[in-house]
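Visitor: sharing a model that was predicted from the sequence below.
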Amino acid sequence: MIRRTACLSKLVQSVRVGSSSSLPTKLRDHRCFGPGAASNAEQACEASVYSKFGKNEYADVDWDNLGFGLVPTDYMYMMKCSNNGIFEQGQLNRYGNIELSPAAGVLNYGQGIYEGMKAFRKEDGNLLIFRPDQNAMRMKIGSERMCMPSPSLDQFIDAVKQTAQANKCWVPPPGKGSLYIRPLLIGSGPILGLSPSPEYTFLVYASPVRNYFKEGSAPLSIYVEEEYDRSSRGGAGGVKSITNYAPVLKALLRAKSRGFSDVLYLDSVNKKNLEEVSSCNIFIVKGNVISTPATAGTILSGVTRRSIIEIARDHGYQELQSVLLLWETLHIKIKGWNTKQVLKLFVHSSTQLS
C-alpha cells in the first residue's frame, strides 16, 4: 500500500466562515440569526436554558481541548410523517433517547439518511449556519433514492435554526470550534416485509466540536484501499444513506491500526480511479488547476465540495471534474500538467469545515 500526504491548500481557507463580506456573492446564502431574531426555539428555551446560562454565556465546556465527539446538548428537534407523505408541525424536545419499534424500517432495512452542517459564533454573538439550503436539497434527493418522504426546504431550515438557537450556549467561542448539527431522517414505523416504512421521523440534534482529524490542519497520511469498496455503480453511494458508513469501518480501523489517518477508496470496477475518502471528498491542486473526481452516482456530492469548486473559479482556478487515475496521480502524469510543478492533495467535507 502507499502512504500519501494530503496537504490542505490555502484555497480551503476561503471557505472558513467569517463575515459575510469575505465570501463570494454566490456563497452569501448562509443563515444568520441572533437575539433579535426571536423564534419558537428561543421562546421554548427561555425558562430553562437561559435560566441556567445567560443569553451571552456558555456551557461548562473546556473549549481549548474540544475534539470531534458527542457532547450531549440541551435540545433536539423532532417531527413525524405518516402515510400521507406530509410532515406535521415539529417541536423542540429535551435531548434524549427516542423510542422505536423493534420492527422499525431503519433498524431492519437501513431506511435512513442524514445530513451534517455547522453553526459558527460570530464576534457579535450571532450565529452563522453554512448553506443549510444545500443540505436540505441533498436530503430531498437522498430521500427519493431511499423511497422516503422528506421535509420541505423551509421545514428543514427552520428545524436546523431552532436547534442551533436552542443550544446556543453550546456553540463554541469564535475560533474555538463550531456546533455540529445532524439532521436525521429515519423509517421509524414498523414493517416486517421488505417495503418502505409506514411512518418517518425527522430529528435534528447537535454537538459542539472542533477538528475532525486529530492532526487538525496538519498533513494527513491516507491509506489507498485496494481490497474493500465504498460504493458501486447503481448503488446508493451518491446519497447520504446511513447504509454507506458501517461498511467502511473495517477498512478504516485497519488503516488506523497501521498509523494512517483515513482511507482513500478506488472505483469498484477497475480499482484504478480515485473516488473519495471515508467521509469526505478529495481534491488535487496542481498549479492553477483544481481537480476532483466527478460525481456519477458513486461519490457523494458534498456541500463543501461544491463550495470549494465555486470559490476556486472565483479565484481564477481552472476546475476539472473527471476520472482521476491513481497511478497517474501519484506519478504526476496527468495530461496538461507540468511535472515540475508541486502537486497537493486535500480532503474536505462539512465535518472538516472550521
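Guide: Sure thing, it's come through.
Visitor: CA only for contacts and neighbour counts going forward, please
Guide: Will do.
Visitor: where does pLDDT dip in the chain?
Guide: 1-56, 214-218, 324-354 (pLDDT under 70).
Visitor: and the helices in it, which stretches?
Guide: Here the chain has its helices, by DSSP state H, at 40-45, 49-52, 105-109, 132-145, 153-166, 249-257, 303-314, 326-330.
Visitor: looking at those, which is nearest to Tyr95?
Guide: helix 153-166 (10.4 Å; C-alpha to C-alpha).
Visitor: got the angle for that closest one vs helix 132-145?
Guide: 120 degrees (axes from the mean of the first three to the mean of the last three C-alpha atoms, to 10 degrees).
Visitor: helices or strands next to helix 153-166 in the packing?
Guide: helix 40-45, strand 75-81, helix 132-145, strand 178-187, strand 200-209 (3 or more C-alpha pairs under 8 Å, 6 or more residues apart in numbering; DSSP states H and E).
Visitor: re earlier: which of the helices of the chain sits most buried?
Guide: Greatest average neighbour count among the helices of the chain goes to helix 153-166 (a mean of 23), per mean count of other C-alpha atoms under 10 Å.
Visitor: just the CA trace of that one, in CSV.
Guide: C-alpha atoms of helix 153-166 as CSV (Å, rounded to 0.1, in the frame of the first residue of the first chain):
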residue,chain,number,x,y,z
LEU,A,153,-36.7,23.2,2.4
ASP,A,154,-38.4,25.6,4.8
GLN,A,155,-39.2,22.9,7.3
PHE,A,156,-35.6,21.7,7.2
ILE,A,157,-34.0,25.1,7.6
ASP,A,158,-36.4,26.1,10.4
ALA,A,159,-35.6,22.9,12.3
VAL,A,160,-31.9,23.5,11.9
LYS,A,161,-32.2,27.1,13.1
GLN,A,162,-34.4,26.2,16.1
THR,A,163,-31.9,23.5,17.1
ALA,A,164,-29.0,25.9,16.9
GLN,A,165,-30.7,28.7,18.7
ALA,A,166,-32.0,26.4,21.5
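Visitor: still on that earlier bit, could the helices and strands packed on helix 153-166 be laid out in CSV, adding distance to Gly125?
Guide: Converted to CSV, the helices and strands packed on helix 153-166 look like this (distance: least, C-alpha to C-alpha, whole Å):
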stretch, distance to Gly125
helix 40-45, 15
strand 75-81, 19
helix 132-145, 19
strand 178-187, 13
strand 200-209, 16
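Visitor: so which of the ones you listed gets nearest Ala166?
Guide: That would be helix 40-45 among the helices and strands packed on helix 153-166, by C-alpha to C-alpha, at 5.3 Å.
Visitor: perfect, that will be all.
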